[in-house]
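> the sequence and its predicted three-dimensional model are supplied below.
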Amino acid sequence: HLYVNEAPKIISTNKLKIMVGDTLAHLITANDKTNKNELTFSIRTIIEDMYLNASTGKIHWTPKEEDIGTHIVEVAVSDGFEKSDDIQEIEIIVQGYPNFLSTPPTEGYVGLEYRYYIEAQNAQEQNTPKQDFFVEIEETTFSNMELDTTNYIILSTPKLEDAGKQNIKLKLSDNENNQI
């Protein structure tokens with residue numbers, strides 16, 4: 001008998017996106033037409049704390065703030081006879097959340113204008129309004145609160161019925177549609 005082997009081929013996706021703090025659990029999949037042996041997976045990376053289960057092909061990683069950006073990981077597979085020449089580069093894009101840079105005033109007065117100048121940035125520390133970040137009022141208990149969407153200023157002149165504790169909930173998103 002003569003056994004003819006064909007090296008396995010990686011067929012899983014080669015581009016992934018993940019948010020800072022989320023856990024990447026990516027399964028490398030491969031096609032082995034001969035199906036005679038167990039596959040063994042390997043990775044080559046400089047990323048700290050990235051782990052691979054060589055028998056299942058599962059990559060596990062939880063990116064941190066300093067990991068924001070694009071990373072390339074090389075993956076390969078072997079069927080025990082030979083290592084495949086099929087080395088796949090996986091592009092992993094780590095994104096962060098936008099954040100507010102300014103803090104709203106915590107007191108307002110009946111009949112006096114309340115103003116909050118919103119300053120924010122995306123995860124890459126870019127802070128151009130309506131380009132790098134976007135703000136919306138999700139909800140408020142003020143009777144007459146407005147958002148100046150040109151300059152991102154919250155305006156209100158509290159009325160007597162607004163006296164007491166009021167709530168303002170803002171939605172901040174970035175140009176990648178990441179939001180808080």
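Received, thanks.

> by contact count, what packs against the lengthiest strand in the chain?
For the chain, the strand reaching the highest residue count under DSSP state E is reported as strand 69-78. With contacts defined as 3 or more CB pairs under 8 Å, 6 or more residues apart in numbering; DSSP states H and E, the packing partners of strand 69-78 are strand 9-10, strand 40-44, strand 88-95. For glycine as for every other residue, the C-beta is placed from the backbone atoms N, C-alpha and C.

> which residue is nearest the centroid of this protein?
In the chain, the C-alpha closest to the average C-alpha coordinate belongs to M19, at a distance of 2.4 Å (CA atoms, centre = their mean).

> contacts only, for the residue nearest to that residue when sequence neighbours are not counted.
Using CB to CB, 6 or more residues apart in numbering and skipping residues adjacent in sequence, the residue nearest M19 is Q95, 5.6 Å away. Residues in contact with Q95, defined by CB atoms under 8 Å, 6 or more residues apart in numbering, are K17, I18, M19, V20, I68, A123, E176, N178.

> look up the closest residue to the first one, ignoring the ones flanking it.
Ranked by CB to CB, 6+ apart and with sequence neighbours excluded, the top spatial neighbour of K17 is I93, at 4.7 Å.

> count of residues packed around V135?
Around V135 there are 19 other residues, counting by other CB atoms under 10 Å.

> surely it meets Y117?
No: counting by CB atoms under 8 Å, V135 does not reach Y117; the two are 11.3 Å apart.
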